[in-house]
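# Provided below for reference: sequence and predicted model.
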Amino acid sequence: MHTALSAFDLARFQFAFTISFHIVFPALSIGLASFIAVLEWRWLKTGKGYYKDLYLFWSKIFAVAFGMGVVSGVVMSYEFGTNWSGFSAFAGPVTGPLLMYEVMTAFFLEAGFLGIMLFGWQRVSPRAHFAATLMVAIGTLISTFWILASNSWMQTPQGIEIVGNHVVPVDWFKIIFNPSFPYRLAHMALAAFIVTALVVSAVGAWHLLKGRRDPAVKKMFSMALWMLLVLAPIQAFVGDQHGLNTREYQPAKIAAIEGLWNTETGGTPLNLFGIPDMKAETTRYAVSIPHLGSLILTHSWDGKIQGLKDFPPQDRPDSTVVFWSFRVMVGLGMLMIAFAVTSWLMRRRGRLYDAKWFQRFALAMGPTGFISLLAGWITTEVGRQPWVVYGMKRTVDAVSPLTAQQVSLSLMTFVVIYFLVFGTGVYYLLKLMRNGPELPGHTPDGVPHDPRGRPAHHHALPTA
């Protein structure tokens, strides 16, 4: 029997759609901002022109990703008022100031120095230009700080009192540094750097496969793979610590992620595979490893993990969704570690720039950072349901009093516009990546570098 979607369902889908588009662009721009700051630092320190060639190349991609991130983010801030007025009325005294702090500290910093970074090469000194690049990179990280503080507070709220139908901030330090914030901030920041490293290595692999062997292509390929080798294992450790924190503060989310229905004593198995059935309250076709669930989630052989049946049916997240989104994220994370270790072995054998099979592997790994990022976001947000502010405000009570027709009209408009605008943006990004850095020793305007790495100025000489 066909059931029409309610305004609530459509509003949730619309927010999921818009944030899925949004999240990929800031992730790329956060990582790229720091990457190009390192490139400029290396150029100033060594005077090697290929560092500047890489800077000029990646700064174009950063500018496009940054612009699309800003535009898609503005849309979401309006959605809080149009579709989620119940949430804004309830949580606005906390989320409003946190988002304002992000604009005042991060966005103004980025916007103030972005013009110098992109267009100030011939107008300011190299050191001043590097300072501008650093400010933009720092701005992206400050932005991450405030956005994650707001979202983490929704996951593990504290530092407030509820007066009437809205929260009143009591302790801003507790609000910002809520229990899940350090883990979620580290997890997201590392994810942004890993996303960027995978994209940079994929672009390097593309040009190596096309036959380019110049220093710029080799260098970005090498730097990205070193970054992955360091960060991918650290991310696994941070994810493990985040899991312990989630088990303490959001036990229903952990039960849904693991597809566990009954609280077992004497050790909990880990479901590697299965299809959770929310109505039958069971995980069908489960393939389990005894005690491994306890070992991973409690760091003990016989630790107890609560099952979903410990929670009222109306308080359970959708295990069918988060069970699989979590496994996509973790599976791709393990693949990234394997890829990074393989790159180290290839480097030791002197085959890093020659093995075409490995370069194809790197090219295929390019999008996996984005897929893992989205899977992680789905796990976090769907796992929080049915709460918009965990334990305090239900999502169904946060939606605006709209009709299904009103929400469906705006949703269809968003879908069409997003695919046109951001589809064009992504096409342009891929085109830039396909073109690659400039040929060695030349800036985009064809002016050769002088020995110090700065563009040489050609003065007209009088003819005899």
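Looks like it arrived, so ask away. Numbering: from 1, shown residues only.

# Excluding sequence neighbours, find me the nearest residue to F221.
What sits nearest to F221 in space, not counting adjacent residues and going by C-beta to C-beta, 6 or more residues apart in numbering, is G204, at 3.0 Å. No exception for glycine: its C-beta is placed from N, CA and C like everyone else's.

# Please report the distance of the one you found from L429.
Distance, G204 to L429, using C-beta to C-beta, to the nearest Å: 16 Å.

# Looking only at neighbour counts, state which of those two leads.
Counted by other C-beta atoms under 10 Å, G204 and L429 do not tie: G204 has more neighbours, with 27 against 19.

# Next, work out how far apart that one and K48 are.
Distance from G204 to K48, by C-beta to C-beta: 17 Å.

# Also L270?
L270 is 49 Å from K48, by C-beta to C-beta.

# ok, which stretches of this protein are strands?
160-163, 166-169, 270-277, 282-289, 387-389, 393-394 (DSSP state E).

# G31 and T196 touch, don't they?
Yes - using C-beta atoms under 8 Å, G31 is in contact with T196, at 2.6 Å.

# okay, and for the stretch 201-350 of the chain, where does confidence drop off?
The model of the stretch 201-350 of the chain has pLDDT under 70 over residues 266, 291-293.

# mind listing the helices for it?
Per DSSP state H, counting those that start in this stretch, the stretch 201-350 of the chain carries helices over the ranges 215-249, 251-258, 292-298, 319-348.

# The last one: which residues count as buried?
By neighbour count with 16 or more other C-beta atoms under 10 Å, helix 319-348 contains the buried residues 319-330, 332-333, 335-337, 339-340, 342-343, 346.

# repeat for stretch 412-420
Applying 16+ other C-beta under 10 Å to stretch 412-420 flags F414, Y418 as buried.

# Identify the residues contacting that stretch?
Here stretch 412-420 makes contact (C-beta atoms under 8 Å, 6 or more residues apart in numbering) with Q14, F17, T18, F21, S72, V75.

# so how far is it off the chain centroid?
Distance, stretch centre to chain centre, for stretch 412-420: 22 Å (C-alpha atoms, centre = their mean, to the nearest Å).

# got the end-to-end distance for stretch 172-190?
25 Å (C-alpha to C-alpha, to the nearest Å).

# Show me what that stretch is in contact with.
Counting by C-beta under 8 Å, 6+ apart, residues outside stretch 172-190 touching it are 30, 94, 98, 141, 144-145, 148-149, 151-153, 155-160, 169, 231, 234-235, 238-239, 241-242, 245-246, 248-249, 376, 380.

# Now a PyMOL select for only the buried ones of these.
Command for PyMOL that selects the buried part of these, burial taken from 16+ other C-beta under 10 Å:
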select buried, resi 30+94+98+144+145+148+149+151+152+153+155+156+157+159+160+231+235+238+239+242+245+246+249+376+380
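
# Which stretches in the stretch 351-464 of the chain count as helices?
Under DSSP H, counting those that start in this stretch, the stretch 351-464 of the chain gives helices at 356-365, 368-384, 404-435.

# In contact with the nearest residue to S59 once chain neighbours are set aside, which residues?
Spatial nearest neighbour of S59, excluding adjacent residues (C-beta to C-beta, 6+ apart): I36 at 5.4 Å. Residues near I36 by C-beta under 8 Å, 6+ apart: L54, Y55, W58, S59, F62, T133, A137.

# Same list (these) but as a markdown table, adding pLDDT, distance to K253 and neighbour count.
Converted to a markdown table, the contacts of I36 look like this (pLDDT from 0 to 100; distance: C-beta to C-beta, whole Å; neighbours: other C-beta atoms under 10 Å):
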| residue | pLDDT | distance to K253 | neighbour count |
| --- | --- | --- | --- |
| L54 | 90 | 41 | 26 |
| Y55 | 90 | 42 | 25 |
| W58 | 91 | 37 | 23 |
| S59 | 91 | 39 | 21 |
| F62 | 92 | 34 | 26 |
| T133 | 91 | 39 | 26 |
| A137 | 92 | 33 | 26 |
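
# Can you name the two of those that sit furthest apart?
Using C-beta to C-beta, the contacts of I36 span at most 15.2 Å, a distance reached by L54 and A137.

# T379 is in contact with R327, isn't it?
No - checked against C-beta under 8 Å, the pair T379 and R327 is beyond contact range at 9.3 Å.

# joint contacts of these two?
With C-beta under 8 Å, 6+ apart, T379 and R327 have no common neighbours.

# Please tell me how far the residue lying closest to W58 once chain neighbours are set aside sits from Y51.
Excluding its sequence neighbours, the residue lying closest to W58 (C-beta to C-beta, 6+ apart) is I36, at 5.1 Å. From I36 across to Y51, the span is 10 Å (C-beta to C-beta).

# can you list the domains in the chain?
The chain breaks down into these domains under automatic domain parsing: 25-178+402-440, 200-396.

# any idea how far the longest one is from the chain center?
It stands for domain 200-396. Distance, centroid of domain 200-396 to centroid of chain: 13 Å (C-alpha atoms, centre = their mean).
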